[in-house]
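A.B. asks: sequence-free structure coming up:
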Ligand code: AMP
Ligand code: GLY
């Protein structure tokens, strides 16, 4: 098969690395890709949301399957675009159709879905500019901290957690009236704060059947001890040690099953990954959010543990025969540590030369914000590379990642030295 991956991060390099191992993959393309995907696939410089350009590429290269990495093209309807074109409708697209992608594209839609299908989540109400006063009144009924969520996609920045009631009201006004996050905050979900430890559960579905992939925990804050600004993710561990079989069975019964059957009941067409962000409150899982794609950097620890041929799984998703597949998981722990540009997630420099990549043999190096310039690998983004290692437990795996990071260098390189600190 000729396969196209959409995206340019560590997640997409990991997909490319995994798909390239499949005997079913003949030619592999990544749009736009990075310096890591350039080594194992053909990068094509097309934006993931330029559907017309993607169409030309797919026809030109006789692409049979498109694997969508990030949420933007899904929320904008890339799957529907393919289904609606005669020449493209038989191309397999891994990722939900637009209606189902609303699970990530609208927080209010996701909350309504969870309420409709009795899926445990935080209590909430949503507001817009016309009833902002009611929003203030609702905040007064809650205890701090206050959780404010922009309804639409806001590049991971749309959630505010505030301790002070006055500040919460001011921010609510900024979001609704002053368009703090543009159109994304035309509606705001205010919800109950949930206190607990977070983890993520990844599910594959063909719209009818599902398979649960390993859990993972990511570390979102820039600073050690989970302090400072939110980032796209600074590291990840899989499996999550506190996700006992009993807890996992609660996740499957109370969350995964009603989610998949809810998609069917609501006629939401879904062929792809469901990323369920969870929080463990006491002994019970509650849903914080749905994403309609894999996580990054969670992919960098989940896919290396998957022993199956990923292309075979994707074909089963297309044919709605996922029930015929047995998922086989490596029982070792995988960890990843993200190297970032100094200054990230605020401003940072680019095009810094990255040295030492060739010297690493016993960890996997997944490139993210990195590109090739004048035959050298240089930085091109905030999150630059993820260093993934295996071990019998997370400490052993992390030790290997950290030892290998010693061999890597670029100007102002930063990483968290405490991934897994809370496990
Ligand atoms: P989201 O963009 O929905 O993943 O939210 C970003 C982060 O905000 C999550 O990873 C949580 O750490 C936190 N968060 C979101 N909703 C809640 C909630 N109801 N209670 C506590 N923390 C939350
Ligand atoms: N690591 C979190 C995400 O991919 O959304």
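C.D. replies: Thanks, I have it. All of these numbers come straight from a predicted model, not from anything done at the bench. Ligands and ions are numbered 1, 2, ... in the order given.

A.B. asks: okay, the residue most central in space within the chain: pLDDT?
C.D. replies: Closest to where the C-alpha atoms of the chain average out (Cα atoms, centre = their mean) is residue 295, at 2.2 Å. As predicted, residue 295 sits at a pLDDT of 97.

A.B. asks: mind listing what's buried in stretch 153-168?
C.D. replies: For stretch 153-168, a neighbour-count test (16 or more other Cβ atoms under 10 Å) marks 153-154, 158-160, 162, 168 as buried. Every residue, glycine included, has its C-beta placed from N, CA and C.

A.B. asks: before we move on, the earlier item: wouldn't the residue nearest to the centre of the chain be in contact with residue 202 here?
C.D. replies: Yes - between residue 295 and residue 202 there is a contact under Cβ atoms under 8 Å: 7.4 Å.

A.B. asks: list the residues that contact both of those two?
C.D. replies: Counting by Cβ atoms under 8 Å, 6 or more residues apart in numbering, the common neighbours of residue 295 and residue 202 are 216, 275, 302.

A.B. asks: any idea which element the last one lies in?
C.D. replies: Assigned by DSSP states H and E, residue 302 falls within helix 299-302.

A.B. asks: mind listing what's buried in the helix or strand that that helix is followed by?
C.D. replies: Using DSSP H and E, the helix or strand that directly follows helix 299-302 along the chain is helix 310-319. Neighbour counts over helix 310-319 (16+ other Cβ under 10 Å) mark 310-311, 313-318 as buried.

A.B. asks: ok, now how distant is the residue nearest to the centre of the chain from ligand 2?
C.D. replies: Going from residue 295 to ligand 2 by Cβ to the nearest ligand atom, to the nearest Å gives 3 Å.

A.B. asks: I'd like to know how many residues surround the residue lying closest to that residue once chain neighbours are set aside.
C.D. replies: Among residues not flanking residue 295 along the chain, residue 275 sits closest, at 5.3 Å (Cβ to Cβ, 6 or more residues apart in numbering). Residues near residue 275, counting by other Cβ atoms under 10 Å, number 25.

A.B. asks: which residues sit in contact with residue 275?
C.D. replies: So residue 275 contacts 200-202, 290-295, 298 (Cβ under 8 Å, 6+ apart).

A.B. asks: Where strands are concerned, which of those count?
C.D. replies: 200-202, 290-291 (DSSP state E).

A.B. asks: Need those residues in CSV (columns: pLDDT).
C.D. replies: CSV is the format used below for those (pLDDT from 0 to 100):
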residue, pLDDT
200, 96
201, 97
202, 98
290, 97
291, 97
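
A.B. asks: So what touches the helix or strand harbouring residue 73?
C.D. replies: Per DSSP H and E: residue 73 is located in helix 71-75. By Cβ under 8 Å, 6+ apart, the residues outside helix 71-75 that reach it are 6, 48-49, 51, 68, 95-96, 98, 101-102, 104-105, 153, 272, 291-293.

A.B. asks: Let's see that with 10 Å instead.
C.D. replies: With Cβ atoms under 10 Å, 6 or more residues apart in numbering as the test, helix 71-75 has contacts from 6-7, 47-51, 54, 66, 68, 78-81, 93, 95-98, 100-106, 152-153, 155, 272, 275, 291-293.

A.B. asks: Can you tell me which of those residues are buried?
C.D. replies: 6-7, 48, 51, 54, 66, 68, 78-81, 93, 95-98, 100-106, 152-153, 272, 275, 291-293.

A.B. asks: Quick one: name the residues of the stretch 1-150 of the chain near ligand 1.
C.D. replies: 122, 147 (Cβ under 6 Å from any ligand atom).

A.B. asks: Do a quick rundown of the helices in the stretch 1-150 of the chain.
C.D. replies: 10-19, 35-40, 51-60, 71-75, 78-83, 98-105, 107-116, 132-141 (DSSP state H, counting those that start in this stretch).

A.B. asks: any idea which of these is most buried?
C.D. replies: helix 10-19 (a mean of 28; mean count of other Cβ atoms under 10 Å).

A.B. asks: is that one anywhere near ligand 2?
C.D. replies: No - against ligand 2, helix 10-19 shows no contacts by Cβ under 6 Å from any ligand atom, the least distance being 7.4 Å.
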